[in-house]
Every structure is written in C-alpha cells, then in structure tokens.
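1. Sequence first, then the predicted structure, then my questions.
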Amino acid sequence: MNEDKQHMDSAADSENQKVINDILQAETGGRASTGIPAKILLIVPLCWSLFQLWVASPLPFQFDFGVFNEDQTKYIHLAFALFLAFTAFPMFKRNTGRIPLIDWIFAVLGVASALYLLVFRNELAGRSGAPITFDLVIGVIGMILLLEATRRSLGLPLMVVAIVFLIYTFGGPYMPDVIAHKGASLSKTISHQWLTTEGVFGVALGVSASFVFLFVLFGALLERAGAGNYFIKVAYSLLGHMRGGPAKAAVVSSGLSGLISGSSIANVVTTGTFTIPLMKRVGFPATKAGAVEVAASTNGQLTPPIMGAAAFLMVEYVGISYLEVIRHAILPALISYVALVYIVHLEALKLNMKGIPKRVQSTVAQKLLSFLTVFIGLMVMTVLVYYGLGWIKDLAGDSAGLAITPLLLLAYIGLVKYASKYPPLEVDDDKTDMTQLPEVGPTVKSGLHFLLPVVVLVWMLAVEQRSPALSAFWATLVMIFIVLTQKPLFSFFRSQKDYLASIKGGIDDCFHALVTGARNMVGIGVATAAAGIVVGTVTLTGIGLVMTEFVEFISGGSMMMMLIFTAVISLILGMGLPTTANYIVVSTLMAPVIVSLGAEHGLIVPLIAVHLFVFYFGILADDTPPVGLAAYAAAAISGADPIRTGVQGFTYDIRTAILPFMFIFNTQLLLIGVDHWYQLLLVVTSAVIAMLVFAAATQGYWLVKSRLWESLILVLIAFTMFRPGFWWDMIYPPLVQVQAESIYEQIDQTAIDGQLRMVVEGETLDGDQVNKRVMLTMGEGETAAARLKESGLELRNEDGRLFVDMMGFGSQAEQAGMDFDWEIMALEVESDRPSKEWMFIPALLLLMLLGWNQLRRRETAA
C-alpha cells in the first residue's frame, strides 16, 4: 500500500513538474536539443551576452572599435532575440526536440530583417518616407516573423493585441465614429512600424537593449553564484522561529529574489519549490501556502531596483532619472511587504501555529533586530555607501573609481576568507522536514560577499551618478569576477587541493550564467518589440487623443471611474501579456488620459503616479483568475486547485490593489512633496499603520476575530490614515477662487514649475460651450506676462474681463484644450488652512478604542 502511495505521489510530482515546465517555457525557452543545434543554442546566447556587455562598456570608445549607437544596438538586439525565438521555442508544444528546417529558415529571415536596417541604414535614411519595394518586403517579413516569434515565446495574447492594433491602423475609416480615423496605407504603416524608430524599434526595445539585458544577466549570475539559495537561508534563519515563520520567510525570500529576477513566475518556481512544501508541513493548507508564495512573488516584481524592467521604461516614458523612479516606488513596495508579513502572522494566529525552533534562543532585542534587518538592511547599506564612501568621491574626484577598486578587492577577499570559516550552505531538499532552523550568524556570514555587486550598483548610481546601463555594466562585471573566483578562493582558504577543479567550476558557472541570462531575455526582447507595434499605432493614427474623449465619455468624467476602468484594462490584458508589454500598452493609451482628466478636475496627477498605477495592476494579473500564471505555478507545487489559489492570492493582494488608488490622490505616498525629515517620518509611519490596519480588516482578525462592524471601522481608519485630505477637504476647502484680473500677481507668487489653476470658458470648434479647469506649469521669465507666454498664452483685457488673444502652437495651453477667445473666468489658489494630518488623531483614538474592546473580549474568552 505504501508503494502504491509512493507511486501516486511520484506521478503527481511528475505531473506538477510538467505544469511548471510548461509555464517556464515563456521564461527560458522550450527546446532541449542535442548535437550541433544544442551547441548553437549555447553559443548564440553566449555571443548575445558578450555583445551586450561590450556595447555597455566604455571599451568601444577607448579603442575606437565596435562602437554602436542606440539604434544599431536595437537592430542587433532584436536579431538575437528573433533567432533564439525560432530556434529555442518550437512551433507547437509537442515538438520540443529536433529543430526543423522551417525554423532555421524563419530564424535566418528574422535576423536578416533586423540586420537589413543596420547594413543599409545610410540608404534608408536617404529615402526616408519613400521606401522602395524591397524595403517594404523586408518590413512585411520582419513584422510577420515578429508576430510569430511573439506567439512562440509568449503565447497568443500579445500577438492578438498587436494584430488588433494593426487592423485598426488599416481599417480606420471603417471603425465606429468615436474611434474612426483616415487609415494608413501598407507603405506608410510598414515604414512607420519597421523602418523608423517610431514602432518596433522604439523606446521600449531600446530600454530592453540598453538597461534590461544587463540586469537580467546580473540576476542570472547572482543565481548561479548561489545568492538565491543564500537569500532563502538567511530569511529562514531570521524569521523561521516566529509564528508562521516559514511563510514569513517565504515572503522575504521572494522579495529578495524579486530584486534579482524581476519576474513573479520565476520567483514562484525558484523560491516556491522549497517554501510551499515547508509551509504545508508547519500547518498551512495547500491553497494558502501557494497563495502566500504567489502574493509574495508578485510583490517581488514591485520591488526596486529592477521591477520587471518597468523602472527603466519609466525613465524614458516619464522623463525622470532612474534614482527618482526608485525613490517614488520604494515606499509602496515596502509597506506592501510589511502588510503581507502581517497577513501571514494573522493567518498563523488563526491556525494557532508555532515557529520552528532555533538552535540558540534569541532575546527580544535580537528578534526585533533580525526582523528589521530583512526590511531595512539594503536601505541601510545604500545610506552607508552614499555617506560612508561618498567622501572618497569628494577627495579623489574623477579618480574615485581607481581609489575604490583596491578597497573593493580587499573587501571581497576578506569577506570570502571570513565566509570560508563557516560550512557552505546546502541547497535545500523540499522532501525533508526542517526540524531546526539554521543559525543566524553562520548563515548570514557565509554569503556577505554577494552584497558587493549591489554596493557597486549603488555607488555608480548614487555617488558617481552614472547611467543605469553603465552602472549595471560595472555591477555585472563585479558579479562575473565573483563567479569566476569565489570557488578557487574558497578552496584556497579551506586548504583544499582541488584548485583546478574549482577554477573549472568557476568558468563553467560563468559560462552557464551568461547563456541563461540571454535565454531569459528572449521573451522580454520579443515582448518589447511587439509592444512597439501598439506604440507605433498610437503615434501613426492619433488614437491617443481619440482615447481621451472616448474614455472621458464612458467614465462620465469621473476620475474614480476612469481609474477603475484603467485598472480593469490592465488586469484583463495582464492575464495574457507579460508585465512589461502590458505596462507599455496600457500606459501609452491611458496615462495621458488620466493626467488630462485629473487636471480638468483640479487634481495634479504626476505622470509617474499614473505609470506606477498601470504597472501595479499589470502585475496583479499574474494571480488573477482564471489565467494567473503565477497561481498555476504555485498550485502545481502545492497540489491545490489553481483557481482557488489565485482567488486566495488575490485576497492577500487586495492591500496592493488599493495602494495605486491611494497614491493617485495622495502623492506623498510616492514621496512627492515630502521636503523635511519629519514629514518623511510622518508619511512612512502613517502609511505603515494604515496598511497594517487594512490588512487586519481584510483578514477579519486583529487581536481576536473581528466582527463585521469592527472590520468596517478598520477600513475607515485605514482610509483616513492613507488619505486624510478626503475628510479635511470637507471641513476646509483646499482651493478658493479669486478674480481673474489678479492673474499676473498670482503668477508672480507661483514658484518655477508651480501650477497656475484657471477656470476657463469658451466655445469649441464643434460649437459646444465648455466650462473647465486648466492647470499650466509656470516656467521662468522676467515678467509674469513672459512666464504666461512661455506656457502658450497671451491675454487681452476687455472691461476687466480676460480673453485668450494669442495661443502658441503645441503649447501647454493648446494641449490643455483651450482655444482663441476663451475667457478666464476665475483663478483657483490654495487656501490657508490647518494641516490635513490633524485627521490622524481621531483615527488613532478610534483605533485604540477598538483595540481596547478586542482585548477585553479576548480576556473574557480566555
């Protein structure tokens, strides 16, 4: 009977592994060939990685050899991606072995279509806008092959979305009136989409080629070096002794892995293989064990610095620096993770779980320290690098890099020697019980050298202020050095005699990491190229302006309905599209709409807030039934139903789903408008309290099981802590209207890049009378009139009434929808009122009262 059970378990494990492998095909490639094709599938990715390292390095400029500009890099980048898409991914799932001749032909044609733009770039520039027939043939072949490569590597959804937008391009005159346009010819469409940098070879592919590849390669090197296993072990040693400790450790280890992979599915199948069975063994039901891993892994993609490539796309689309993107994204990611750990704690309390015993019992102070270490360790390290080593930059100037290199080398050798005193970390076997946790000290000390590449990354970004691409290059170079040398150094310090074997092992690890990094990039490279078709359609057809009117019509002009509509679109598209492609599509269509609609309602919505809003909901689609791929991967490991796992995971992620709505209306959550340290402290504290209270409300459990009215009060408290201005605006209006005649005085009082708010009225070209709010950003100028003219407006005064006399073409005023002869009815200025944070006091008093009531009920029950 036991043999039958073992056989059934083995069959179930085999089936689960098959599901995982199917899901991972979109991550790493589907074929496992032998012979010469297998060698090609090793050599080509290796060449791709070496090419990307070369173009990111300063060497081409120093040797004046092999210099490629941004566009040329895009062509070669996509050529590699298309070749590997056809050779590594089969046409049909059942064909996973031999590479048929047709796939070789497709691969070569794909490479030729991309490199044609590189080889004949001068000729193409000379006939820009007037392509010859052969140009169009190449473009059509390239577009068709890109769509097929998208289907193979990512599935049908993104290919279908791209085709729909192409159909819209050609069929504009036949569309409903609300979205109709004049259409475009085949020549114009192919020229725009393939032969220029407006479509396929646009910003998204450029980001993939310059930034994303290096960070994915960096993650592959870290994983091959053993950093993934190290993060898991550290998380378990620090948190495993707490209630529901394995689940809390799963949250943290998935977050740390998210710093590397930037993929929720990859997080699930790497960390989840170990964490899910362990959660089940300590008492978590299979569905909840899988759901915790899913929720943790999807949040891993929100965590800076990689954020599934979105951080780098936001740099280009929003027009702010990489460090600013990280600054805006860090607090929502942090409080989301804190809340997930708290949700796990509440689940453990419900199930009356205990932690796994430690070899050495910790004091309360040590427990607190270990908990805080996980969440703020990387931030503390960043501060130490910036302030602790920043003086070297002040002292050495441009030679700081040369000064810090020997220090870095000595630190590396010292940390490896220090780590060699402790036994190497074993890769965990999920089939065996963990009856005792690893010791914190030896576990943490055994891999401190893995933090050095992160130190280099922070140094280059924050101190040297280099570009993300160059910063990633130097961090990756340090990681390559570590992969090559750590095994020989460990052999030396441990007095082992197998030096040649350890050197060979280091070279082998580096080789396979370079190959794996490139294989992991195939889907991303193809996705960003295919998403470029959507971006190209928007710029070619002008659908962006059409979407503004269409969405405003169906939302009834309501900002909240507009946001809900955008969130639903992101979730639906995200069920089939990779997060990066989903982000590109939805942000291209919806971000300008939300910003302009917010301005009409007097709400300043920063563009970064809208882009993060779209990105958050695109990620949440990974665990949204019925197509949440992360939920399917987790269910395959846990043995639970994937739909129930997705539903449970989404209930855990409700806390993440409310965050985007909150930071649209309270941009302080993105650290916008936070100018002093005490403001920062207040914002972080209030946000953490709000998120923990909301987590307790959604779990129906705080100090004891909550009654319905108690959960509703907790939601009310959380809302007040997140958005105190909602109630404060009812008591003290945030804006007051003043006479339009005072416009020049108000401009004089407006800071550079400050907002001038106006209520305007006028008649549109269609004859409609419009009354709306307009916000203009005031730039520099010697006089108020000059500053206003800079924004596109010149006014005339008729008996005390102000009218638009002249308006600049393409100016802010025109983009805001104003027109000639419109009247400035009034100005809106901020009112002098008490701080909205006073609303925290009644909210906290109510929370204390509710806590007292639950404590009393708990004592009575005891």
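-> Everything's here; your move.

2. May I have stretch 812-828 exported as PDB, CA atoms only?
-> Extracted C-alpha coordinates of stretch 812-828, given in PDB (Å, rounded to 0.1, in the frame of the first residue of the first chain):
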ATOM      1  CA  GLN A 812       0.700  73.700 -22.800                       C
ATOM      2  CA  ALA A 813      -2.400  75.800 -23.200                       C
ATOM      3  CA  GLU A 814      -3.300  74.200 -26.500                       C
ATOM      4  CA  GLN A 815      -2.700  70.700 -25.100                       C
ATOM      5  CA  ALA A 816      -5.000  71.600 -22.200                       C
ATOM      6  CA  GLY A 817      -7.800  72.100 -24.700                       C
ATOM      7  CA  MET A 818      -8.000  75.900 -24.700                       C
ATOM      8  CA  ASP A 819      -8.700  78.000 -27.800                       C
ATOM      9  CA  PHE A 820      -8.800  81.600 -29.000                       C
ATOM     10  CA  ASP A 821     -11.300  84.000 -27.400                       C
ATOM     11  CA  TRP A 822     -11.900  81.700 -24.400                       C
ATOM     12  CA  GLU A 823     -12.500  83.700 -21.200                       C
ATOM     13  CA  ILE A 824     -10.600  83.300 -18.000                       C
ATOM     14  CA  MET A 825     -13.500  83.200 -15.500                       C
ATOM     15  CA  ALA A 826     -11.500  82.800 -12.300                       C
ATOM     16  CA  LEU A 827      -8.300  81.600 -10.700                       C
ATOM     17  CA  GLU A 828      -8.000  78.900  -8.000                       C
END
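
3. And that stretch, what's buried?
-> Neighbour-count burial for stretch 812-828, counted by 16 or more other Cβ atoms under 10 Å, picks out 812-813, 816-818, 822-828. Bear in mind the C-beta positions are built from the backbone N, C-alpha and C, glycine included.

4. now stretch 672-685
-> Residues of stretch 672-685 classed as buried by neighbour count (16+ other Cβ under 10 Å): 672, 674, 682-684.

5. Make CSV from the residues you listed and add secondary structure and distance to R121 to it.
-> CSV is the format used below for these (DSSP: H, G, I helix; E, B strand; the rest coil; distance: Cβ to Cβ, whole Å):
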residue, secondary structure, distance to R121
I672, coil, 41
V674, coil, 46
L682, helix, 55
V683, helix, 49
V684, helix, 50
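
6. Show me which of those residues is closest to I413.
-> Of all the buried residues of stretch 672-685, the one with the least separation from I413 (Cβ to Cβ) is V684, at 37.7 Å.

7. now the closest one: how far from L461?
-> Distance, V684 to L461, by Cβ to Cβ, to the nearest Å: 22 Å.

8. And for A209?
-> Between A209 and L461 the computed distance is 19 Å (Cβ to Cβ).

9. do the same with A247
-> Relative to L461, and taking Cβ to Cβ, A247 is found at 33 Å.

10. Show me which of the two is the more surrounded one.
-> Set side by side, A247 and L461 show more neighbours around A247, with 31 against 24, by other Cβ atoms under 10 Å.

11. Contact partners for the more buried one?
-> 275, 279, 282, 284, 289, 292, 344, 347-348 (Cβ atoms under 8 Å, 6 or more residues apart in numbering).

12. Then F613?
-> 563, 566-567, 594, 660-661, 663-664.

13. if you set the cut-off to 10 Å instead, what comes out?
-> Residues near F613 by Cβ atoms under 10 Å, 6 or more residues apart in numbering: 563, 566-567, 570, 586-587, 590-591, 594, 605, 659-661, 663-664.

14. Next: I404.
-> Residues in contact with I404 (Cβ under 10 Å, 6+ apart) are 389, 392-393, 396, 411, 455-456, 459, 463-464.

15. can we see that at 6 Å?
-> By Cβ atoms under 6 Å, 6 or more residues apart in numbering, I404 lies in contact with I392.

16. what does the model give it for pLDDT?
-> With respect to pLDDT, I404 scores 81.

17. CA-only coordinates of stretch 156-174 in CSV, if you can.
-> Taking Å, rounded to 0.1, in the frame of the first residue of the first chain, the C-alpha atoms of stretch 156-174 are listed here in CSV:
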residue,chain,number,x,y,z
LEU,A,156,-1.2,34.1,-28.3
PRO,A,157,-2.4,37.2,-26.3
LEU,A,158,0.3,39.7,-27.1
MET,A,159,0.3,38.6,-30.8
VAL,A,160,-3.5,39.1,-30.9
VAL,A,161,-3.2,42.6,-29.3
ALA,A,162,-0.6,43.6,-31.8
ILE,A,163,-2.7,42.3,-34.7
VAL,A,164,-5.8,44.1,-33.4
PHE,A,165,-3.9,47.4,-33.5
LEU,A,166,-2.6,46.7,-37.0
ILE,A,167,-6.1,46.0,-38.1
TYR,A,168,-7.2,49.3,-36.5
THR,A,169,-4.3,51.1,-38.5
PHE,A,170,-5.6,49.8,-41.8
GLY,A,171,-9.3,49.9,-41.1
GLY,A,172,-9.6,53.4,-39.6
PRO,A,173,-12.3,54.6,-42.0
TYR,A,174,-14.5,51.6,-41.2
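
18. buried stuff in it?
-> Result for stretch 156-174 [16+ other Cβ under 10 Å]: buried residues 157-159, 161-162, 165-166, 168-169, 172.

19. Let's have the residues you listed in TSV, adding pLDDT.
-> Converted to TSV, the buried residues of stretch 156-174 look like this (pLDDT from 0 to 100):
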residue	pLDDT
P157	81
L158	82
M159	90
V161	86
A162	89
F165	90
L166	93
Y168	91
T169	91
G172	84
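
20. Make JSON lines out of these and add distance to L147 and secondary structure.
-> Formatted as JSON lines, the buried residues of stretch 156-174 follow (distance: Cβ to Cβ, whole Å; DSSP: H, G, I helix; E, B strand; the rest coil):
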{"residue": "P157", "distance to L147": "12", "secondary structure": "helix"}
{"residue": "L158", "distance to L147": "9", "secondary structure": "helix"}
{"residue": "M159", "distance to L147": "5", "secondary structure": "helix"}
{"residue": "V161", "distance to L147": "11", "secondary structure": "helix"}
{"residue": "A162", "distance to L147": "6", "secondary structure": "helix"}
{"residue": "F165", "distance to L147": "11", "secondary structure": "helix"}
{"residue": "L166", "distance to L147": "9", "secondary structure": "helix"}
{"residue": "Y168", "distance to L147": "15", "secondary structure": "helix"}
{"residue": "T169", "distance to L147": "14", "secondary structure": "helix"}
{"residue": "G172", "distance to L147": "20", "secondary structure": "helix"}
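
21. Quick one: the strands in this structure, in order.
-> 735-739, 754-763, 769-778, 793-798, 801-807, 823-830 (DSSP state E).

22. For the fourth one, what does the pLDDT average out to?
-> Here strand 793-798 scores 88 as its mean pLDDT.

23. Can you name the residues that contact the nearest residue to L78 once chain neighbours are set aside?
-> Counting by Cβ to Cβ, 6 or more residues apart in numbering, A114 is the residue found nearest to L78 once chain neighbours are left out, at 4.6 Å. By Cβ under 6 Å, 6+ apart, the residues touching A114 are 75, 78-79.

24. can you list the domain ranges for the chain.
-> 205-319+335-522, 735-830 (automatic domain parsing).

25. from those, which stretch is densest packed?
-> When the domains of the chain are scored by mean count of other Cβ atoms under 10 Å, the highest mean neighbour count falls to domain 205-319+335-522 (a mean of 21).

26. Distance across it, terminal residue to terminal residue?
-> Terminal residues of domain 205-319+335-522 are spaced 12 Å apart (Cα to Cα, to the nearest Å).

27. Tell me, please, where in the stretch 251-400 of the chain the pLDDT is lower than the cut-off.
-> Along the stretch 251-400 of the chain, the parts satisfying pLDDT under 70 run over 255-267, 269-270, 305-309, 355-391.

28. for it, what spans make up the helices?
-> For the stretch 251-400 of the chain, helices defined by DSSP state H, counting those that start in this stretch occupy the ranges 264-281, 286-300, 310-318, 322-350, 364-383, 390-396, 400-419.
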